[in-house]
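Chemist: Provided below are the primary sequence and the corresponding predicted coordinates.
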Amino acid sequence: MTGIVRSIAELRGLVAAWRREGAGVALVPTMGALHAGHLSLVEAGLSRGLRVVVSIFVNPTQFGPNEDLAKYPRQEAADVALLSAAGAHAAFCPAVGEMYPAGHATRVDVKGLTDCLCGAARPGHFSGMATVVTKLLLQCLPDMAMFGEKDWQQLQVVRRLVRDLDIPVAIVGCPTVREADGLALSSRNARLSPAHRAAAPLLNRLMRDVAAKVAAGVSPTPLLEAARGALAAAGFGPVDYLELRHPETLALAEAAPARLFAAAWLGDVRLIDNVAV
Ligand code: AMP
């Protein structure tokens, strides 16, 4: 790996040097604490023959005042070792002051798509995410940027902002990487207690079951009610949402084409997942 770059100027210099060699560039935005899900995004860039830059930045503006910003895992050295082994070309690890210097006053707000699901449960989250992703895309100016389908609403918001702001980049959505028991990989899973880790796969199991029944024509409302009951019985805390929505507009849906979306708490860890119907 070329190494770690910390300034926007260094990042632009690196990308310009690659361009002079005729290489294409992929950007993989992350908040670090990397796992196989992130590495699948790196591989999606490498398999297209691109130079891959992975940004590692725990973005404070996408966390609410009572959220887990302080507890979010930070392990840069381990992350960089994983990226080197995976064949990534560079890690972009800016400090907060590089991304948000004094006087920074601009936000990117994507209306409509951000009113529901995680946008309703986490006010301000998508504005912070959209702002930092816009900045990263303009700093790097990659040919492609890779995002996980695990954060499906985020993927739709990014597609929209790129279209609306005429940013010349192709957004590539990559399938959710899961544990063998179905739990979607997440940096937050490490905080689950052993009992909660054992209960966690139920979320995806129930979602796949509901999705299969809805696809077969069963009405979703009673299925979703029963799934909420099963989650509560298994020790889940509040369910922020368990909803069937159109995959692109995110409007509520009663039947296919749809995606089933969930966010549910286990202790102080919030799990999210989504599956196709
Ligand atoms: P994060 O560091 O959690 O903000 O995620 C950075 C990128 O990795 C986002 O595009 C996520 O959607 C993606 N990602 C996170 N977990 C997974 C997963 N289990 N499978 C695929 N992509 C993922």
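Modeler: Alright, I've got the coordinates.

Chemist: report the contact partners of the residue nearest the centre of the chain.
Modeler: The centroid of the chain falls nearest to D151 when counting by CA atoms, centre = their mean (4.0 Å). Contacts for D151 were tallied using CB atoms under 8 Å, 6 or more residues apart in numbering; they are I272. Every residue, glycine included, has its C-beta placed from N, CA and C.

Chemist: part of a helix, is it?
Modeler: Yes: assessed by DSSP: H, G, I helix; E, B strand; the rest coil, D151 belongs to a helix.

Chemist: can you get me a residue count around the residue of the stretch 51-200 of the chain found nearest the ligand?
Modeler: As assessed by CB to the nearest ligand atom, the ligand sits closest to G148 within the stretch 51-200 of the chain, at 2.2 Å. G148 has 23 neighbours, counted by other CB atoms under 10 Å.

Chemist: again with G13
Modeler: Neighbourhood size, G13 [other CB under 10 Å]: 12.

Chemist: from C140, how far off is it?
Modeler: The gap separating G13 from C140 is 12 Å, by CB to CB, to the nearest Å.

Chemist: what's the answer for A36, then?
Modeler: A36 is 23 Å from C140, by CB to CB.

Chemist: between the two, tell me which one has more neighbours.
Modeler: Ranked by neighbour count (other CB under 10 Å), A36 and C140 place C140 first, with 23 against 13.

Chemist: isn't that one right up against P94?
Modeler: No: C140 lies out of contact with P94 (CB atoms under 8 Å); the separation is 11.2 Å.

Chemist: so what sits against both of these two?
Modeler: S55.

Chemist: isn't there a strand covering A227?
Modeler: No: going by three-state DSSP, the assignment for A227 is helix, not a strand.

Chemist: still on that earlier bit, quick one: pLDDT of the residue nearest to the centre of the chain?
Modeler: Model confidence at D151, given as pLDDT, is 98.

Chemist: for the one 4 residues further on, same thing?
Modeler: At L155 the predicted local distance difference test score is 98.

Chemist: what sits against it?
Modeler: Shown in contact with L155 (CB under 8 Å, 6+ apart): 147-149, 171, 173.

Chemist: format the residues you listed as JSON lines; extra columns: secondary structure.
Modeler: Output for those, formatted as JSON lines (three-state DSSP):
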{"residue": "F147", "secondary structure": "strand"}
{"residue": "G148", "secondary structure": "strand"}
{"residue": "E149", "secondary structure": "helix"}
{"residue": "I171", "secondary structure": "strand"}
{"residue": "G173", "secondary structure": "strand"}
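
Chemist: tell me the strands beside the helix or strand bottoming out on mean pLDDT in the chain, with direction?
Modeler: The least trusted helix or strand in the chain, going by mean pLDDT, DSSP states H and E, turns out to be strand 3-5, with a mean of 93. Applying DSSP bridges to the sheet, strand 3-5 is found paired with strand 90-92 (parallel).
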